[in-house]
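[1] Quick one: sequence plus predicted model below, questions after.
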Amino acid sequence: MVDPDTLSTPDTATTDTAAQAQPEAGSGRRGRGAAARRAQRSGGGPGVSMPFITRKLAAYEVLDEEGLSLIERNADTVLEEIGIEFRDDQEALAMWRDAGADVKGERVRFPKGLCRELLKTAPEVFTQHARNPARSVQIGGKATVFAPVYGPPFVRDLDGERRYATIEDFRNFVKLAYMAPSLHHSGGTVCEPVDVPVNKRHFDMVYSHIKYSDKPFMGSVTAPERAEDTIEMCKLLFGAEFVDQNCVTLNLINANSPMVFDETMVGALKVYARNNQACVVSPFILAGAMSPVTVTGTLTQILAEVLAGAAFTQLVRPGAPVLFGTFAASISMQSGAPTFGTPEPALVSYGAAQLARRLKIPFRTGGSLCGSKVPDAQAAHESASTINMTLLAGTNFALHSAGWLEGGLVSSYEKFMIDVDQLGMQQRFAEGVDLSETGQAMDAIAEVGPGNHYLGCAHTQANFQQAFYRSALADNNSYEQWLAEGEKRVEERARALCRSWLESYTAPELDPAIDEALIEFITTRKDSMPDAFT
C-alpha cells in the first residue's frame, strides 16, 4: 500500500524575533477596499488574507464517557502487553529503557500511565510562527488551520494531463496556497518534484515555501539529515535563538502501522523535537489492512501508537510541541483499494479528536480526500464528506485540505481551486450563528411586515454584501446564460481561475540578505554530495 502522507520516501542575515520577520507584501492584501470586501465574502479571490479559523461551533462527539474510557483502557493494554516497536534506533530504545519502559529487542512495552505522564509537559496550544507575523497560526484550542495536499508524485495539470510532478509544479502550488485566502498554511510536500535528485530536492522544496510564500510551512522528514537541513534553513530565516524558543515549522511523523516507528521517522522526530519544533505524530491507517476492521479496534490502535510516539517527543525535549494525528481511510474488501468519504473513517476521526482533547494536545486529521481520478462528482461528494467531518470534529491542523486526487497519488490544479472555494464556505460556517442585534434583524422584520419582501429594506441594504457566501466557481445563473457563456463545467472555470491567479502572482518580499544566505547554504550543501535518484 502507498502512504499518501509520506510518498516522498514513506513524505541565511538572520532575524532574531518574530517582529523582525518581513512585512506582508502590499497593503492591498490586508483586506482594504471594495475588491477586498468582494473577495472576503466569496472566499475565492487572492486579494484577502483570512486569519486561521476560530471555531464558534461545538465539536461533534460520537463517544460518551464509557466509550472513551473503554478505548483508553484497551490502548493501555496494547502498550503494556503487546508493545510498540522502535526499529533500528538504539538511542530511542535506550531512552525508553531509562524512562522505565520494558525494552526487549526493538519492542517497547510501557507501564500503565507512563506515556500520559510524559505528555503532561506538551503544550495544549502553541503558535507556529510565519516569517510574516500576520500569517502566524494558532495550533490547538478552538483554532482550525487548513493546509494543502501533501505527498503526491503525480500532478494533473492545466492541460488535463496526468504526469510526474516537477519543481515548477511545486512552486506553482506554493504560489496558489499563498494566494488562497482560505488556506492558512503553505503545507509541506505539495507534490513530489521528481525532476530533482531525491537527496537534494528537500532544499528546493523548503526554499520554495520560504521564497514564494510568507505563510507557515512544514519541514522535510525523509531522512534525519534532511530534517537538520530544514532546521538550519529556519535558523537562517528566523535566527537560531528564536527557533530554539519558538515553533517555526511543523513536520509529519507517520507511524508505520501497525505498531511500528521506523528509523527514518524516529530520526526525523528526534531532530525536530530537540529543536523545539512540532511533530505531527500520525498513524497512517487503511482500516482492514493496517488496523482492525472495526472503528473501536482502530481507535484503540491509533491511541496506542500516538501515545508512544507523542510521549517520545517529550523524552527528547520536555515541552516540545506535538500533535495527535491520524490519517484514517477504509479499504474495499473486494479489491484492497483505499476508499474515501465513507462513514467508518469519519467515526474514527471524530473519536480520535475526542481522545486528543482528553490528552490536552492539538489534533490533526481529515482534509478534502477522494479516490476519484478526476475532479468529478465522486471527487466532490467524497471531499465534502471528509472536509465537513474535519471541521465538525474540532480538528486543529487539517492537512490535504486542497488539491488531493486519486487517493493521494495526484495533486490537481483544478481540484485545488475547487477545494479552496469550499474551504471558504467552511470558514464562514465555522463562524456559527450571529445573535447580535444585527443578526436578530428585528428592525427588518418590523419594517417589512406581513406580505412584503425584504429586498429593499434598510437592514438588507446595510448587510447584503456580507450576508451570504458567494462562490467564485459555482454557476447559479440561468440555463440560457450558462449556454451563452459556453456551457462551462466547474473544472473549466477552475482551470481559468487557476491560470489567472498564477499570472497575477506577486512574491512576498524577502530580505535580500536572508535570501542570499539561504542560497549560499543550499549551494554548499548540494555541492557536498553527488546526485541520487533513489
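    Right, received. Where do you want to start? Numbering: from 1, shown residues only.
[2] Just name whatever secondary elements the longest strand anywhere in the chain is in contact with.
    Ranked by residue count under DSSP state E, the longest strand found in the chain is strand 278-287. Using 3 or more CB pairs under 8 Å, 6 or more residues apart in numbering; DSSP states H and E, the elements in contact with strand 278-287 are strand 249-255, helix 263-274, helix 295-316, strand 322-325, strand 327-331, helix 343-359. Where C-beta positions appear, they are placed from N, C-alpha and C, glycine not excepted.
[3] mean confidence score for that strand?
    Averaged over strand 278-287, pLDDT sits at 95.
[4] Likewise for stretch 80-95?
    98.
[5] which of the helices and strands packed on strand 278-287 is buried the deepest?
    When the helices and strands packed on strand 278-287 are scored by mean count of other CB atoms under 10 Å, the highest mean neighbour count falls to strand 322-325 (a mean of 30).
[6] can you tell me the helix or strand for Val145?
    For Val145, the element it lies in under DSSP states H and E is strand 143-146.
[7] Describe which strands the helix or strand that that strand is followed by pairs with in its sheet and in which direction.
    The first helix or strand that comes after strand 143-146 along the chain, using DSSP H and E, is strand 154-156. Sheet pairing for strand 154-156, assigned by DSSP bridges, gives strand 162-164 (antiparallel), strand 410-412 (parallel).
[8] who touches strand 154-156?
    Contact with strand 154-156 is made by 162-165, 169, 191, 374, 405-406, 409-415, as judged by CB atoms under 8 Å, 6 or more residues apart in numbering.
[9] ok so, going back, tell me the angle of the longest strand of the chain relative to helix 343-359?
    Per axes from the mean of the first three to the mean of the last three CA atoms, to 10 degrees, the angle that strand 278-287 makes with helix 343-359 is 150 degrees.
[10] State the distance from Ser136 to Phe146.
    Here Ser136 is placed at a distance of 15 Å from Phe146 (CB to CB, to the nearest Å).
[11] What's the local residue count around Lys104?
    9 (other CB atoms under 10 Å).
[12] Show me what the strand holding Val145 is packed against.
    strand 53-54, strand 137-140, strand 397-398, helix 413-430.
[13] quick revisit: more crowded one of Ser136 and Phe146?
    Phe146 (34 against 21).
[14] Just the buried ones from the contacts of strand 154-156?
    165, 169, 191, 374, 405-406, 409-415 (16 or more other CB atoms under 10 Å).
[15] List the contacts of the nearest residue to Asp419 once chain neighbours are set aside.
    Nearest non-adjacent residue to Asp419, counting by CB to CB, 6 or more residues apart in numbering: Ala402, 3.7 Å away. If you count contacts by CB under 8 Å, 6+ apart, Ala402 has them with Phe146, Pro148, Val149, Ala177, Ala180, Leu183, Ser368, Lys415, Phe416, Asp419, Val420, Leu423.
[16] 10 Å instead?
    Ala402 makes contact with 146-149, 173, 176-177, 180, 182-183, 187, 190, 367-368, 383, 387, 411-412, 415-423, according to CB atoms under 10 Å, 6 or more residues apart in numbering.
[17] quick one, phi/psi of the residue positioned nearest the centre of the chain?
    The chain has Leu399 as the residue nearest its centroid, 2.2 Å off, counting by CA atoms, centre = their mean. Here is the backbone geometry of Leu399 (degrees, to the nearest 10): phi -80, psi 160.
[18] Kindly report the same for Arg55.
    Torsion angles at Arg55 (phi, psi; degrees, to the nearest 10) stand at phi -70, psi 130.
[19] Does it touch Gln138 like I think?
    No - taking CB atoms under 10 Å as the definition, Arg55 is not a contact partner of Gln138, at 11.3 Å.
[20] circling back: compare the helices and strands packed on strand 143-146 and give me the one nearest Pro258.
    Of all the helices and strands packed on strand 143-146, strand 397-398 sits nearest to Pro258, with 23.7 Å by CB to CB.
[21] Return the distance of the residue lying closest to Ser182 once chain neighbours are set aside relative to Lys373.
    Nearest residue to Ser182, sequence neighbours excluded (CB to CB, 6+ apart): Leu423, at 3.8 Å. Relative to Lys373, Leu423 is positioned 22 Å away (CB to CB).
[22] ok, those two, which is more surrounded?
    Neighbour count, other CB under 10 Å: between Leu423 and Lys373, Leu423 has more, with 28 against 16.
[23] Just list the residues touching the more buried one, thanks.
    Leu423 sits in contact with 43-44, 50, 53, 146, 148, 180-184, 368, 387, 390-391, 398, 401-402, where contact means CB under 10 Å, 6+ apart.
[24] per-residue confidence at it?
    97.
[25] distance of it from Arg499?
    20 Å.
[26] Likewise for Ala223?
    Counting by CB to CB, the gap from Ala223 to Arg499 is 36 Å.
[27] Which one's more surrounded, the two?
    Ala223 (18 against 13).
[28] List the residues that contact that one.
    Contact partners of Ala223, counting by CB under 10 Å, 6+ apart, are Thr9, Val198, Asn199, His202, Asp229, Glu263, Thr264, Gly267, Ala268, Val271.
[29] residues in contact with the closest residue to Leu303 other than its chain neighbours?
    Closest residue to Leu303 apart from its sequence neighbours, by CB to CB, 6+ apart: Ala75 at 4.0 Å. With contact taken as CB under 10 Å, 6+ apart, Ala75 is in contact with Cys115, Leu299, Thr300, Gln301, Ile302, Leu303, Ala304, Glu305, Val306, Leu307, Ala308, Leu355.
[30] hmm, try it at 8 Å
    Neighbouring residues of Ala75 by CB under 8 Å, 6+ apart: Thr300, Gln301, Leu303, Ala304, Leu307.
[31] give me the element it is part of.
    helix 65-77.
[32] and what of Lys526?
    Going by DSSP H and E, Lys526 is in helix 512-527.
[33] Now do the buried residues in that helix.
    Neighbour count says helix 512-527 has Ile514, Asp515, Ala517, Leu518, Phe521, Ile522, Arg525 buried, by 16+ other CB under 10 Å.
[34] thought Leu68 was touching Leu355?
    Yes - using CB atoms under 8 Å, Leu68 is in contact with Leu355, at 6.7 Å.
[35] element containing Thr127?
    Per DSSP H and E, the secondary structure element for Thr127 is strand 125-128.
[36] by contact count, what packs against that strand?
    strand 137-140.
[37] isn't Thr390 right next to Ala398, touching?
    Yes - using CB under 8 Å, Thr390 is in contact with Ala398, at 5.0 Å.
[38] residues near the residue lying closest to Thr144 once chain neighbours are set aside, how many?
    Excluding its sequence neighbours, the residue lying closest to Thr144 (CB to CB, 6+ apart) is Ile53, at 4.0 Å. Applying other CB under 10 Å, we find 26 residues neighbouring Ile53.
[39] With Leu473 instead?
    19.
[40] check contacts around the residue nearest to Gly309 when sequence neighbours are not counted.
    Spatially, and ignoring its direct neighbours in sequence, Gly309 is nearest to Val281 (3.9 Å; CB to CB, 6+ apart). Contacts for Val281 (CB under 8 Å, 6+ apart) come out as Ile253, Ala255, Leu269, Glu305, Val306, Gly309, Ala310, Thr313, Val322, Leu323, Phe324, Gly325.
[41] Which members of these are the farthest-apart pair?
    Leu269 and Phe324 (14.2 Å).
[42] Tell me the pLDDT of the residue nearest to the centre of the chain.
    pLDDT, read off for Leu399, is 98.
[43] isn't it right up against Leu369?
    No - using CB under 8 Å, Leu399 makes no contact with Leu369, being 10.1 Å away.
[44] Could I get the contacting residues of Leu347?
    Val62, Val295.
[45] Great, nothing more from me.
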